[in-house]
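>>> Provide a 3D model corresponding to the input given below.
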Amino acid sequence: GTGTSPGGWSNPHPGELAERRWYPTATTLRDGRVLALGGSQYLQHRVFGGRVEGAAPASPRADSVHRIVPIMGEPWDPSVLPSPDPNKGRPDPRESHTGVDLTEVPGFGGQVFFGGRRGSDCRVLNDVWQLQRADSLYGADYVYKWKQLEPILIGSPQPPLRRREHTAVKDGFGQMIVYG
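Numbering: from 1, shown residues only. Purely as a prediction, here's the structure:
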């Protein structure tokens, strides 16, 4: 706009720079328009599993990752269906599991989910899944994919026991510690 009149938003490349950004570069042009470039999309809290209205959800909702913006009063972002692990597929829909964010661990970059109770038959699980997130080269959103990991019980050749309603934390060395 001019003077005190509000301006408008135009985007010559629909789908690019379409979401809210933190720390973009804003350059004022001679004609008063602002050129906005780059920046980072806000962090999202990622939610996988659980129940919907007391029941285990069916696919594709059960397989999806739900994302919420950590800003008071903002709506949820659209859910995404991560690509499956090429050898293991996707994790079973579940509840009573744990997840920790290990995206800041060098060379790892993902959120990790352990155990829980399978939604279809209530079987208690001890599997480990990594949810990897990468920037999309051709779209406005991130690209997500699943990777199944082998659980390791430090000091034992055996995997951890099956668990549900347990607790997990990330330690200072970038490991997921499961207890309870």
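>>> For the rest of this, base every contact and every neighbour count on C-alpha atoms.
Noted.
>>> quick one: Asp141 and Asp135 touch, right?
Yes - using CA atoms under 8 Å, Asp141 is in contact with Asp135, at 7.3 Å.
>>> Would you point out which residue is most central in the protein?
Nearest to the geometric centre of the chain sits Arg46, at 3.8 Å (CA atoms, centre = their mean).
>>> what does the lengthiest strand in the chain contact?
As assigned by DSSP state E, the longest strand anywhere in the chain is strand 124-134. If you take CA atoms under 8 Å, 6 or more residues apart in numbering as the criterion, strand 124-134 is touched by 91, 109-118, 142-151, 159-164.
>>> Relative to that strand, what are the paired strands and their orientations?
Take DSSP bridges as the rule and strand 124-134 pairs in its sheet with strand 110-118 (antiparallel), strand 143-149 (antiparallel).
>>> Going along the chain, name the helices of this protein.
Counting by DSSP state H, the chain has no helices at all.
>>> Report the residue spans of it with pLDDT below the cut-off.
1-7, 9, 11-23, 39-42, 57-60, 137-140 (pLDDT under 70).
>>> Cys122 is in contact with Pro93, correct?
No - with contacts counted by CA under 8 Å, Pro93 stays clear of Cys122, the gap being 10.2 Å.
>>> Show me which of these two is the more surrounded one.
Pro93 (23 against 12; other CA atoms under 10 Å).
>>> Neighbours of Asp127, how many?
Neighbours of Asp127 using other CA under 10 Å come to 20.
>>> picking up where we left off before, so for Asp141 and Asp135, which residue has more residues nearby?
Legend: neighbour count by other CA under 10 Å for Asp141 and Asp135, higher for Asp141 (18 against 11).
>>> quick one: the more buried one from Ser96, how far?
For Asp141, the distance to Ser96 (CA to CA, to the nearest Å) stands at 29 Å.
>>> what does Asp127 give?
13 Å.
>>> Quick check: neighbours shared by those two?
In contact with both Asp127 and Ser96: Gly115, using CA under 8 Å, 6+ apart.
>>> My understanding was that Thr25 contacts Val34; is that so?
No - Thr25 is not in contact with Val34 according to CA under 8 Å; the separation is 9.7 Å.
>>> okay, those two: which has more neighbours?
The residue with more neighbours, out of Thr25 and Val34, is Val34; 14 against 11, by other CA under 10 Å.
>>> May I see the strands paired with strand 124-134 arranged in TSV, with mean neighbour count and distance to Pro70 as well?
Output for those, formatted as TSV (neighbours: other CA atoms under 10 Å; distance: least, CA to CA, whole Å):
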stretch	mean neighbour count	distance to Pro70
strand 110-118	23	17
strand 143-149	18	19
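>>> Ok, which of these comes nearest Arg30?
Among these, strand 143-149 comes nearest to Arg30, with 37.0 Å by CA to CA.
>>> which residues sit against the closest one?
80-85, 88-91, 127-136.
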